[in-house]
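Colleague: test case, fold it:
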Amino acid sequence: CNWDFIKAIKEAVSVPVLANGGVRNYEELQRCLEYTGADGYLSAEPLLGNPTLFSNPPFAPKPSEGQPPYPLENDHAFQIFLEYIDICRKHPTAPKIVFGHLHGIVGHWMHEFHDLRDDLNENRRKYADLDALTEWTEKLRARAKEVRETEGRNYPIRKMTQKQIERLKKREIAESIAAQENEEKILKDIAEKNKEREGDAQEKRVQVTAE
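Modeller: From the prediction side, this is the model:
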């Protein structure tokens, strides 16, 4: 969002003004409020990936170089989601809402561990039970821990599923066939043009001989 616009609006009106959009951590939030003079801040998607976004002091350290500020790295994301499950035990929540927050907070690890993602998607009714979902989350958590301990990596690497690999292979084969067919067509066109030129040249030779 444009902080200059928000500042101008705040200075022009007497009603409370809320800033919105783009803040990725508590430090940026403070800078936004100080610069614009806004009375508060609205956030949506960043909070879905990091519910501790406005914690002061920060709940988790800054992300690794080149990584987005949310979802959280290390074990922090799993700590937050398991705490969320405990809250849902006290305050019953629709499974689709719980699954939505799962994807926002720890779902990035499913891009690497497709088997757990497929298990979750194929057994939604089973994992609507919070105890079962806790067990599933601990499995994903253990995989992430193994990555940290063996590779020193705090974040997942997006990997292609078997279906995606198969689709890619089919596309590459189709593109290869299309390229070959196009090459054959070009060679055929060249051969036909050469044949036409040879025919024209032969016709001229015949005319010259006749004269």
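Colleague: touching stretch 152-160 from outside, list them.
Modeller: Judged by C-beta atoms under 8 Å, 6 or more residues apart in numbering, the contacts made with stretch 152-160 from elsewhere in the structure are 63-64, 67, 73-74, 108-109, 111-114, 144, 147-148, 168. For every residue, glycine as well, the C-beta is placed using N, CA and C.
Colleague: for stretch 93-100, same thing?
Modeller: Surrounding stretch 93-100, the residues in contact under the criterion C-beta under 8 Å, 6+ apart are 48, 84-85, 88, 120, 124, 127-128, 130, 133.
Colleague: coming back round to it: show me how to select, in ChimeraX, the buried members of the contacts of stretch 152-160.
Modeller: Applying 16 or more other C-beta atoms under 10 Å to the contacts of stretch 152-160 leaves a buried subset, and the ChimeraX line that selects it is:
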select :63,73,74,108,109,112,113,144,147
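Colleague: now for the contacts of stretch 152-160: which two are most distant?
Modeller: Set against one another by C-beta to C-beta, the contacts of stretch 152-160 have their most distant pair in 74 and 168, with a gap of 31.9 Å.
Colleague: helix, strand or coil: sort out residue 56 for me.
Modeller: Look at residue 56: counting by DSSP: H, G, I helix; E, B strand; the rest coil, its state is coil.
Colleague: now swap in residue 103 and tell me
Modeller: When classified by three-state DSSP, residue 103 comes out as helix.
Colleague: got a pLDDT number for it?
Modeller: What the model reports for residue 103 is a pLDDT of 94.
Colleague: the strands in the chain, which residues?
Modeller: In the chain, the segments counted as strands under DSSP state E are 18-20, 40-42.
Colleague: could you dump the ones you listed into CSV and include distance to residue 181?
Modeller: Compiled in CSV, the strands of the chain are given as follows (distance: least, C-beta to C-beta, whole Å):
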stretch, distance to residue 181
strand 18-20, 53
strand 40-42, 55
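Colleague: and those strands, which is most packed in?
Modeller: Mean neighbour counts were compared across the strands of the chain using mean count of other C-beta atoms under 10 Å; the top stretch is strand 18-20, at a mean of 17.
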